[in-house]
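*Asks:* below is the sequence, then the predicted model.
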Number of protein chains: 2
Amino acid sequence: MNDVKKPVFENVQQHRQACREGRYSGPTGGLIPDNVLCNLVVLPMSEAYDFLVYCMRNPKPCPVIEVFDAGDPISRLAAPGADMRTDLSRYAVSRYGQDQGTVTDISDLWSDESVALLMGSSLTFDHAIARAGVKPSPEVWVLNTAIPTAKSGKFEGPLIVTMRWMKAAEAIIATQLTARFAWNHGAPVHIGDPAEIGADLANPIWGKPVDAIPRDVVPVFWACGVTPQFTAKAAKPSLMITHAPAHGFVTDLKADQYCLP
Amino acid sequence: MNDVKKPVFENVQQHRQACREGRYSGPTGGLIPDNVLCNLVVLPMSEAYDFLVYCMRNPKPCPVIEVFDAGDPISRLAAPGADMRTDLSRYAVSRYGQDQGTVTDISDLWSDESVALLMGSSLTFDHAIARAGVKPSPEVWVLNTAIPTAKSGKFEGPLIVTMRWMKAAEAIIATQLTARFAWNHGAPVHIGDPAEIGADLANPIWGKPVDAIPRDVVPVFWACGVTPQFTAKAAKPSLMITHAPAHGFVTDLKADQYCLP
């Protein structure tokens, strides 16, 4: 993912402490592999209602796990006591839809009007499918599609997906397994021809352009948490803060517990 | 449930037409048994944000299936084209927490500020457990508990449950089956001693007081859609409209499709 050497944290509290003290600012995928990894979105209260309705109308890309009270940065459900201002390793900031770069602490950007949401990330289930012996492409691509999401107020845009490819037999296993992780985007939204959902492999949002899919694998597409981030950014809120790509929030929730039977 | 003779509607459109024209005002449980039955809550826009967050924090009693735009009474998802002002058989109206009786049409109460929500009802899964040979108590009780829900703004209150009793072997079947119907309250919240969750059988919200539970059965408790109704009413909104008890909205969604695998 990145050339930062992964430190070994004994537990999630130790990891969060390191984030809080500025000692860790690296990626978090697979860092505490048993725990649910979340995408963070922070918006001003004035945008929060329409955005919440957007999430409720699009639960596959926007599986909300926790909604915080306006102005309250402290988790009650996903990681009781954790502080959304300091306990992520890196944040991305935008104003009126314009990128403002990344930071490792958002205390000075937080206000009484800040509303935080945590949504499950598909990086959570990578560990589960690996444990089942599935070996997807080492790369995870993020791609735009021609599938519209259900709009709410000014929040609208296409569904964005992650793509992993694997052998057909593995795609069947991965489909069944990920269906259980409903708060981490659940079952795939598509298997097979990218063109059928309007995904252009030559122009990924994230990942290297792909010339041709290898013959012995099938691409598998999951709804992606980048969808609400792009949708929210396109709505040009005065301030939006998210986790930086690949720097999601590690919750206390165990992925094998916070899932369907 | 009630002494109104159930008419036979060939399909849900015919049923809705009858509601719209004032020709049907009876209960709807089991009327179109394959379709998801929903609880309706209509609140003023000023209350909607805190109430949505309440629902998101309490998905078991408040499994939101559709959120309508403010002022828009027409369904897009659960029953495209259906009109929430006319297409239920009977509505309950309250103002500032005070009951105003029931009506069969809310067109004159609807405004640009009205926000409708549809949430799945447990009456949906009664058909599924019957089909599996489970024979619960003919009566369904609605009971208060000592379990608090997660609050949001002024919306707070105890979890309210439905109780059905059945043989132990049936309780195991019903638990597995209802777990699939996640948008209709899902798996039970408790099995066994009512006292353990603070449920008082001598004082049900709905149903006849119970002296003693028969020896050969076990009571099974599911989160109930009356929870958000009581919570919302306790918050004393200037106007609240819900379906009248047992007069839920029949959607187009097939229960065996709109469920988990």
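*Replies:* That came in fine, so what should we check first?

*Asks:* measure A:Ala255 to chain B for me?
*Replies:* 17 Å (CB to the nearest CB, to the nearest Å). (Glycine included, C-beta is placed from N, CA and C.)

*Asks:* just give me the neighbour total for that residue.
*Replies:* The local packing of A:Ala255 (other CB atoms under 10 Å in any protein chain shown) involves 21 other residues.

*Asks:* swap in A:Gly101?
*Replies:* Neighbour tally, A:Gly101, other CB under 10 Å: 9.

*Asks:* so what's it up against?
*Replies:* A:Ala92, A:Val93 (CB atoms under 8 Å, 6 or more residues apart in numbering or on different chains).

*Asks:* show me what from chain A comes close to chain B.
*Replies:* Residues of chain A that fall close to chain B, judged by CB under 8 Å from any CB of the partner chain: A:48-49, A:52-53, A:56-57, A:64, A:67, A:69, A:76-77, A:150, A:152, A:179, A:182, A:187, A:260-261.

*Asks:* run through the bridge partners of A:Asp99.
*Replies:* Taking DSSP bridges as the rule, A:Asp99 bridges to A:Ser94.

*Asks:* contacts for stretch A:168-175, please.
*Replies:* The contact list for stretch A:168-175 (CB under 8 Å, 6+ apart) reads A:129, A:132-136, A:164, A:166, A:187-188, A:191, A:217-218, A:220.

*Asks:* all strands of chain A, in order?
*Replies:* Counting by DSSP state E, chain A has these strands, from start to end: A:35-44, A:64-67, A:91-95, A:98-103, A:114-120, A:141-148, A:158-166, A:190-191, A:218-223, A:240-243, A:249-254.

*Asks:* can you redo those strands as a markdown table with mean pLDDT and distance to B:Thr102?
*Replies:* As requested, those are exported to a markdown table (pLDDT from 0 to 100; distance: least, CB to CB, whole Å):
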| stretch | mean pLDDT | distance to B:Thr102 |
| --- | --- | --- |
| strand A:35-44 | 96 | 39 |
| strand A:64-67 | 97 | 33 |
| strand A:91-95 | 97 | 49 |
| strand A:98-103 | 97 | 53 |
| strand A:114-120 | 97 | 37 |
| strand A:141-148 | 97 | 39 |
| strand A:158-166 | 97 | 41 |
| strand A:190-191 | 96 | 46 |
| strand A:218-223 | 97 | 41 |
| strand A:240-243 | 97 | 45 |
| strand A:249-254 | 96 | 42 |
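
*Asks:* out of the residues of chain A next to chain B, list just those in helices.
*Replies:* A:Ala48, A:Tyr49, A:Leu52, A:Val53, A:Met56, A:Arg57, A:Ala179 (DSSP state H).

*Asks:* pick the one among those closest to B:Ile160.
*Replies:* Nearest to B:Ile160 among those, counting by CB to CB, is A:Met56 at 22.1 Å.

*Asks:* my read: that closest one touches B:Val64, true?
*Replies:* Yes. Taking CB atoms under 8 Å as the definition, A:Met56 is a contact partner of B:Val64 at 5.8 Å.

*Asks:* overlap of the contact sets of the two?
*Replies:* B:Leu52, B:Met56.

*Asks:* quick one: contacts of the helix or strand of chain A with the lowest mean pLDDT?
*Replies:* Across the helices and strands of chain A, mean pLDDT, DSSP states H and E gives its lowest value to helix A:123-131, namely a mean of 89. With CB under 8 Å, 6+ apart as the test, helix A:123-131 has contacts from A:29-30, A:33-37, A:136, A:140, A:173-174, A:177-178, A:181, A:184-185, A:246, A:248, A:255-256.

*Asks:* just the buried ones from these?
*Replies:* A:29, A:33, A:35-37, A:136, A:140, A:174, A:177-178, A:181, A:184-185, A:246, A:248, A:255 (16 or more other CB atoms under 10 Å in any protein chain shown).

*Asks:* no further questions, thank you.
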